[in-house]
Structures are given as structure tokens and as C-alpha cells.
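Enquirer: Generate coordinates for the sequence data below:
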Amino acid sequence: MRDKRVVGSSAVHLVSMAVLLFAFWMLLSGNTQPKFLTYGVLTAVIATWVSYPLLLVPNGDDTKRYFVFGVNPVKLVAYVIWLFWQLVLANIDVIRATVRPEIEIDPCVVRFRYQTDNPMARVVLANSITLTPGTVTMNVTDDGVYEVCRRKSPGSMASRMNLRCWKGRIDVRIFFLVLMGVLLTTIGLMLQRVFQGPTIFDRMNGLGVITADTILLIVLFGFLDNQPGMYVDLAMAYAMMGCLGSVVLAKYLGGKKL
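Expert: Down below sits the predicted model:
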């Protein structure tokens, strides 16, 4: 009996999924003998029949069920092209903010409403926001999508979608200081592991974590001092020394019984 809650035609869903699975099987097999073609058709049909109920996701109030792969191919291709272009623009914007002497970062939490009942559309939207440099999705609720933006500007994607700032701004310096405190605490814990061991592998792992955290501390201090370029050079030099020291130490220990 057909489930009336399913959006779209179940027959179209089943046939399209079976065809895709059979095409994928042919791509992997490459064998066109009748016996193997029969195996491929049977496998695709059985896999479609078994997995189709699992690929129907309900909406919020369970009045509709959407097929996970029930998308318009033309619209999907158009969206991917548009998203790729937005990723290029966002990367350029982040690079510009990184190389400038002034830190043009003004983080804020923004919310916007979306008009869709399809849960897969929510998933794609949330992951597209997180995929874009400078933004990350915090939560997706019936009230809207919440995301953290690097800054809010008139030409940003956020303003084009009528996003609005939510409750106050985050002081980036306080965030950097808290992060530095966490890194220092981690370094302290790793120092204990370096001195106590008990094995050489524990000491090596501790040294590796200390080196990585020290590099992050140098970069963060550079942003606090408004001279990120100089401190990034220092961090790179320290990283090269740490890598060389690890190689020398590994070579020295290689001839010993551990």
C-alpha cells in the first residue's frame, strides 16, 4: 500500500535509484556478459527495495516523508556552481582580511529564516554555510538557522539573505586570550608527560603536542600585537626547527633498544 505521506512518486524514486545503482555496478564491474548483467540487475533491484524505506526522512511534524535523493538534477548542478563561486569569493575575502595590517574581524551571531519543509534541504543549507570560509552553522531550529560570521558587511551573503545580528558582538581579543590560556594549560599537562614518561613514545608525543601548541601561541600573540606577519615567520621558523629536531632525535633513538 502506497504511503500517502511520501512526497513525489515512489515508483519514480525506486526506478531512478535502481538505475543509478546498476550504472554504478557497471562502472565498477565493466563486464557485459549476460550472466553478470543479470547479477547486476538483481543486485540493484534488491538493494533498492531494501534500502528505499530507510531513505525516506520525515519532516518536523511527520506529516510528509521526503526521498533523500529526490532532487532536481538541473537545480542541483546550478546550486553547486553557485556555491562554488561563493566559496571563491569567501576565500578571497578571508585572504584580504588576513594580509591587511588591521584585523578586520567583527564576529557576530546571526539568524535568518528559511522556507523549506524538507529536512535534507536544511542539511545541505547548514553544511553549505559551514563549508564557506568565515562562517559556521551553530544550530538549525524551527525558528531559523543560527550561524557565526567573521564580520557583517553590506555586501556579504548574510545581508543579501536579510540576516540580522543577534544579541551583541564577540570581542576577538578576549577569545584569543582564552584560547591562549587553554593552550598554555595543555602545554603544562604535556610537560608532565614529557618528564614522567614512562616510555620514550609518551615523551615524544608530549613534545609533539608542545611544539604544535607553541606554534599556535606565537601566531595568536602576533594577532594580539597587531603584527601577524612577523610572528607567522617566527612560527614557521620554530616549526622547521621542531621538525628537524624530531628527525634528529628519531635518528638517534633508531640505533637504541627502546
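
Enquirer: Poorly predicted segments of this protein, please.
Expert: 1-3, 97-107, 143-173, 250-258 (pLDDT under 70).

Enquirer: quick one, helices of it?
Expert: Counting by DSSP state H, one finds helices in the chain at the ranges 10-29, 34-51, 73-99, 119-131, 157-160, 172-196, 200-224, 228-254.

Enquirer: Show me the one of those helices that comes nearest Pro58.
Expert: Smallest distance to Pro58 across these (CB to CB): 7.4 Å, for helix 119-131. C-beta here means a position set from N, CA and C on the backbone, and glycine is covered the same way.

Enquirer: hey, C-alpha coordinates of the closest one in PDB?
Expert: C-alpha atoms of helix 119-131 as PDB (Å, rounded to 0.1, in the frame of the first residue of the first chain):
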ATOM      1  CA  PRO A 119      15.000  18.100   6.200                       C
ATOM      2  CA  MET A 120      17.600  17.300   3.500                       C
ATOM      3  CA  ALA A 121      17.400  20.900   2.300                       C
ATOM      4  CA  ARG A 122      18.200  22.000   5.900                       C
ATOM      5  CA  VAL A 123      21.200  19.700   6.000                       C
ATOM      6  CA  VAL A 124      22.500  21.000   2.700                       C
ATOM      7  CA  LEU A 125      22.000  24.600   3.700                       C
ATOM      8  CA  ALA A 126      23.700  24.100   7.100                       C
ATOM      9  CA  ASN A 127      26.700  22.300   5.600                       C
ATOM     10  CA  SER A 128      27.000  24.900   2.800                       C
ATOM     11  CA  ILE A 129      27.300  27.700   5.400                       C
ATOM     12  CA  THR A 130      29.900  25.700   7.400                       C
ATOM     13  CA  LEU A 131      31.800  24.900   4.200                       C
END
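
Enquirer: Which among the helices of the chain is found nearest to Met138?
Expert: That would be helix 119-131 among the helices of the chain, by CB to CB, at 9.4 Å.

Enquirer: And the closest one, what's buried?
Expert: Residues of helix 119-131 classed as buried by neighbour count (16 or more other CB atoms under 10 Å): 119-120, 122, 124-126, 128-129.

Enquirer: and of those residues, the nearest to Val88?
Expert: Proximity of the buried residues of helix 119-131 to Val88 (CB to CB) peaks at Ser128, which lies at 13.9 Å.
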